[in-house]
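> Structure here, sequence nowhere to be found:
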């Protein structure tokens, strides 16, 4: 993936592609399951999302480096709530937030599945990023909880990343796939909620 390694401290860097922080770099360190979305995929994704990002309330379920949420805020999203379980990754996310002055990024140290199950109805989100570690099968459960517990605003956009060989995704019945693309070993898709769940 397009990232730069700093041998002095083992940190890697990736850059924000567009918006107010264009070309600014954020840092991240290796962590279990951490696989930041590469530059090319992020550029394509945010081209897809361009009409929907300004003013959007975003949720990044498996934030990792924070690249997706920070990219969204950089391009005019009103806010992003970033969920991340790994303590050291949360600390680095907080450092990146401070470095950029990303006041509209809220970082929550939490297991995404438990959060979706037990904190329902606090906020409806316009854009949700579902990019869990590839060593598990969390997309189905996460997307089902988004729908079941009313996390999605009407007409919400949901972005999912999968290993390219994954054919097991069970898309909620009231979502439609808008886009799909493959890059290397990654399949990435954009869905929209066509009607609220009953």
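Right, received. Where do you want to start? Everything quoted here is computed from the prediction, not taken from an experiment.
> can you give me the strands in this structure?
Secondary structure of the chain, counting by DSSP state E: strands at 4-6, 11-15, 25-28, 57-60, 79-84, 105-109, 125-130, 152-163, 175-183, 186-193.
> so which of those strands comes closest to residue 42?
Distances from residue 42 to each of the strands of the chain were compared using Cβ to Cβ; the minimum, 8.7 Å, belongs to strand 11-15. Any C-beta I mention is one placed from the backbone N, CA and C, and that applies to glycine too.
> got the buried residues for the closest one?
Buried residues in strand 11-15, counting neighbours by 16 or more other Cβ atoms under 10 Å, are found at 12, 14, 15.
> same check, this time on stretch 103-119
Within stretch 103-119, the residues scored as buried using 16+ other Cβ under 10 Å are 104, 105, 107, 108, 110, 112, 113, 115, 116.
> what sits against the last one?
Which is residue 116. 61, 142, 145, 146, 149, 151 (Cβ atoms under 8 Å, 6 or more residues apart in numbering).
> looking at the strands of the chain, which has the lowest confidence?
Sorting the strands of the chain by mean pLDDT places strand 4-6 lowest, at a mean of 42.
> separation between the residue most central in space within the chain and residue 53?
Among the residues of the chain, residue 129 comes closest to the average C-alpha position under Cα atoms, centre = their mean, at 3.3 Å. Summarising the geometry, the distance separating residue 129 from residue 53, computed by Cβ to Cβ, to the nearest Å, is 12 Å.
> would you turn the strands of the chain into a markdown table with distance to residue 68?
Formatted as a markdown table, the entries for those read as follows, by distance: least, Cβ to Cβ, whole Å:
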| stretch | distance to residue 68 |
| --- | --- |
| strand 4-6 | 19 |
| strand 11-15 | 11 |
| strand 25-28 | 11 |
| strand 57-60 | 5 |
| strand 79-84 | 8 |
| strand 105-109 | 11 |
| strand 125-130 | 4 |
| strand 152-163 | 8 |
| strand 175-183 | 15 |
| strand 186-193 | 11 |
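> can you tell me the average pLDDT over the helix ranked longest in the chain?
The helix of greatest length in the chain, counted in residues with DSSP state H as the criterion, is given as helix 87-100. Along helix 87-100, the predicted local confidence has a mean pLDDT of 93.
> Show residues contacting it.
Residues beyond helix 87-100 that count as contacts (Cβ under 8 Å, 6+ apart) turn out to be 21, 24, 26-29, 31, 34, 63-66, 70, 82, 84, 102, 105, 107, 109.
> In a markdown table: the buried residues of stretch 103-119, plus distance to residue 98.
Conversion of those to a markdown table gives the following (distance: Cβ to Cβ, whole Å):
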| residue | distance to residue 98 |
| --- | --- |
| 104 | 13 |
| 105 | 10 |
| 107 | 11 |
| 108 | 16 |
| 110 | 20 |
| 112 | 23 |
| 113 | 28 |
| 115 | 23 |
| 116 | 27 |
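> sorry, back to before: can I get the buried part of the contacts of helix 87-100 as one ChimeraX selection?
Typed into ChimeraX, the line below selects the buried ones among these, using 16+ other Cβ under 10 Å:
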select :21,26,27,28,29,31,34,63,64,65,66,70,82,84,102,105,107
